[in-house]
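Engineer: Give me coordinates for this.
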Amino acid sequence: MPKDADTGYDPDLGRKFIFVTGGVMSGLGKGITAASTGRLLSNAGFDVTAVKIDPYLNVDAGTMNPYQHGEVYVLKDGGEVDLDLGNYERFLGVDMTSDHNVTTGKTYKHVIEKERAGDYLGKTVQVIPHVTDDIKRRIREAAEGTDVCLVEIGGTVGDIEGMPYLEALRQFAHEEEDDDILFAHVTLVPYSKNGEQKTKPTQHSVKELRSIGLQPDVLVGRCSDKLDEETKRKIALFCDVPTEAVFSNPDVEDIYHVPLMVEEEGLDDYVMEYLDVADEALPHGERDSRWRELVTRERSGAVDVALVGKYDLEDAYMSVHESLKHAGIEHGVEVNVLWVDADEMHDEHADRLRDADGVVVP
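Structural biologist: Coordinates of the predicted model:
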């Protein structure tokens with residue numbers, strides 16, 4: 001298909017795409033799930049990048065209150081983006097630009113500016129094809145030159161602001177070969193009072209996704225524990241996926257252990273087989289093992305570091321917190337971060353500051 005003169009959309013860019021959606025509720029950790037999968041693909045020898053889609057109308061995260069979305073993460077090109085881009089950089093070990101963060105504000109601003117400039121030659125400008133083509137263009141241009149691009153759609157399936165993005169993905173899938181696209185859906189699997197893992201929220205979430213025209217290829221269940229085999233079989237039956245395509249992502253002590261958990265579940269091998277790149281992957285014995293060596297490194301001793309901030313919210317200082325953890329890994333010690341609210345420092349936290357081995361004031 002040739003490049004569209006009106007929208008600038010070129011469907012020939014990019015190679016393999018993994019689209020990650022979330023269901024039931026936000027904040028499940030679909031970004032960490034996606035980043036962990038990307039880390040394992042990178043270990044297997046593939047060039048991996050990521051795109052974070054935020055359906056809010058803000059052009060970027062630069063003017064947002066930390067209580068809304070946590071910290072503003074600043075990229076090497078000065079782009080002020082969602083904090084999830086920080087996780088992708090830390091997990092994938094790649095530098096990203098503002099092009100890797102797509103927002104509704106950024107997309108609509110571009111389309112409206114083109115309309116005002118007369119680029120559409122008087123045509124009626126609509127969500128389909130103009131907005132959806134711009135979304136697809138941004139994804140493909142960010143993915144250009146890489147083997148695999150992970151695309152995380154923020155929010156929850158069913159949110160009205162996310163509908164143009166899901167429609168763009170539906171179109172995307174029609175333009176690609178089946179083995180070039182994989183849809184992964186991350187949902188909550190809660191426990192009932194009698195200790196049973198409940199699949200109904202996942203069933204409803206997938207039903208909502210399918211009503212939009214998207215069928216997930218992989219389901220990842222977020223639960224405090226691993227999914228029971230019976231739970232996996234039930235999810236597979238009601239959501240129309242193979243049982244081997246249902247994976248657990250249980251709670252772990254540290255997010256840097258999620259790639260190890262995902263690898264143990266076999267999600268990376270399944271993804272590579274599905275995308276028909278397993279033969280191009282490094283043999284298991286030759287894959288990069290530095291991540292595992294780092295996060296499982298023995299720690300001797302611990303240090304207490306007081307982190308002083310004016311926002312009573314850990315996400316507002318995520319990069320500082322993660323940097324302290326990285327420093328602890330490098331030096332083989334546990335870093336206990338002691339949160340200190342600046343407004344209450346003199347009245348509530350004098351002892352905490354006095355007893356800390358170090359103090360960081362962002």
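Engineer: drop to CA atoms for contacts and neighbour counts, all remaining ones
Structural biologist: OK.
Engineer: For the stretch 251-362 of the chain, just list every one of the helices.
Structural biologist: Here the stretch 251-362 of the chain has its helices, by DSSP state H, counting those that start in this stretch, at 258-265, 267-274, 290-295, 318-331, 345-348, 350-355.
Engineer: my bad, the stretch 101-250 of the chain
Structural biologist: 104-116, 132-143, 163-175, 200-211, 229-239.
Engineer: Now render these as CSV, adding distance to His284.
Structural biologist: Output for the helices of the stretch 101-250 of the chain, formatted as CSV (distance: least, C-alpha to C-alpha, whole Å):
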stretch, distance to His284
helix 104-116, 40
helix 132-143, 26
helix 163-175, 30
helix 200-211, 32
helix 229-239, 26
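Engineer: Would you tell me which of those gets closest to Glu286?
Structural biologist: helix 132-143 (25.9 Å; C-alpha to C-alpha).
Engineer: now that closest one: mean pLDDT?
Structural biologist: Mean pLDDT, computed over helix 132-143, is 95.
Engineer: angle of that helix against helix 163-175?
Structural biologist: In terms of direction (axes from the mean of the first three to the mean of the last three C-alpha atoms, to 10 degrees), helix 132-143 departs from helix 163-175 by 70 degrees.
Engineer: Show me which positions of helix 132-143 end up buried.
Structural biologist: Thr132, Asp133, Asp134, Ile135, Lys136, Arg137, Arg138, Ile139, Arg140, Glu141, Ala142, Ala143 (16 or more other C-alpha atoms under 10 Å).
Engineer: so what's the residue nearest to the first one when sequence neighbours are not counted up against?
Structural biologist: Ranked by C-alpha to C-alpha, 6 or more residues apart in numbering and with sequence neighbours excluded, the top spatial neighbour of Thr132 is Ala168, at 4.9 Å. In this structure, Ala168 makes contact with Thr132, Asp133, Ile135, Lys136, judged by C-alpha atoms under 8 Å, 6 or more residues apart in numbering.
Engineer: Would you agree the last one is in contact with Phe172?
Structural biologist: So that's Lys136. Yes. Using C-alpha atoms under 8 Å, Lys136 is in contact with Phe172, at 7.1 Å.
Engineer: For Val218, name its beta-bridge partners.
Structural biologist: Per DSSP bridges, the residues bridged to Val218 are Ala184.
Engineer: can you count the residues close to it?
Structural biologist: 24 (other C-alpha atoms under 10 Å).
Engineer: what sits against it?
Structural biologist: Leu182, Phe183, Ala184, His185, Val241, Ala245, Val246, Phe247.
Engineer: Return a selection command, for use in ChimeraX, containing the buried ones of the residues you listed.
Structural biologist: Command for ChimeraX that selects the buried part of those, burial taken from 16+ other C-alpha under 10 Å:
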select :182,183,184,185,241,245,246,247
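Engineer: out of the contacts of Val218, which one sits closest to Ile18?
Structural biologist: Closest to Ile18, out of all of those and judged by C-alpha to C-alpha, is Leu182, at 4.8 Å.
Engineer: element containing the closest residue in space to that closest one that isn't next to it in sequence, please.
Structural biologist: Leaving out its chain neighbours, the residue that sits closest to Leu182 by C-alpha to C-alpha, 6+ apart is Ile18, at 4.8 Å. Using DSSP states H and E, Ile18 sits within strand 16-22.
Engineer: re the thing from before, closest one to Trp339 among the helices of the stretch 101-250 of the chain?
Structural biologist: helix 104-116 (33.9 Å).
Engineer: What's the mean pLDDT across that closest one?
Structural biologist: So the average pLDDT for helix 104-116 ends up being 96.
Engineer: helices or strands up against that helix?
Structural biologist: The helices and strands touching helix 104-116, judged by 3 or more C-alpha pairs under 8 Å, 6 or more residues apart in numbering; DSSP states H and E, are helix 132-143.
Engineer: Between strand 16-22 and the helix it packs on, find me the angle.
Structural biologist: 120 degrees.
Engineer: Look at Asp355 and say how many residues are nearby.
Structural biologist: Neighbours of Asp355 (other C-alpha under 10 Å): 11.
Engineer: And it, how close does it get to Ser323?
Structural biologist: Asp355 is 21 Å from Ser323, where distance means C-alpha to C-alpha, to the nearest Å.
Engineer: go on, Glu167?
Structural biologist: Taken as C-alpha to C-alpha, the span from Glu167 to Ser323 is 38 Å.
Engineer: Looking at the two, which one has more neighbours?
Structural biologist: Using other C-alpha under 10 Å as the criterion, Glu167 and Ser323 rank with Glu167 on top: 18 against 12.
Engineer: thinking again about what came up before, redo the buried residues of helix 132-143 as a markdown table? Include distance to Val102.
Structural biologist: Below are the buried residues of helix 132-143 laid out as a markdown table (distance: C-alpha to C-alpha, whole Å):
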| residue | distance to Val102 |
| --- | --- |
| Thr132 | 12 |
| Asp133 | 13 |
| Asp134 | 10 |
| Ile135 | 8 |
| Lys136 | 10 |
| Arg137 | 11 |
| Arg138 | 7 |
| Ile139 | 8 |
| Arg140 | 12 |
| Glu141 | 12 |
| Ala142 | 10 |
| Ala143 | 13 |
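Engineer: Excluding covalently adjacent residues, which one is nearest to Arg39?
Structural biologist: Leu92 (5.3 Å).
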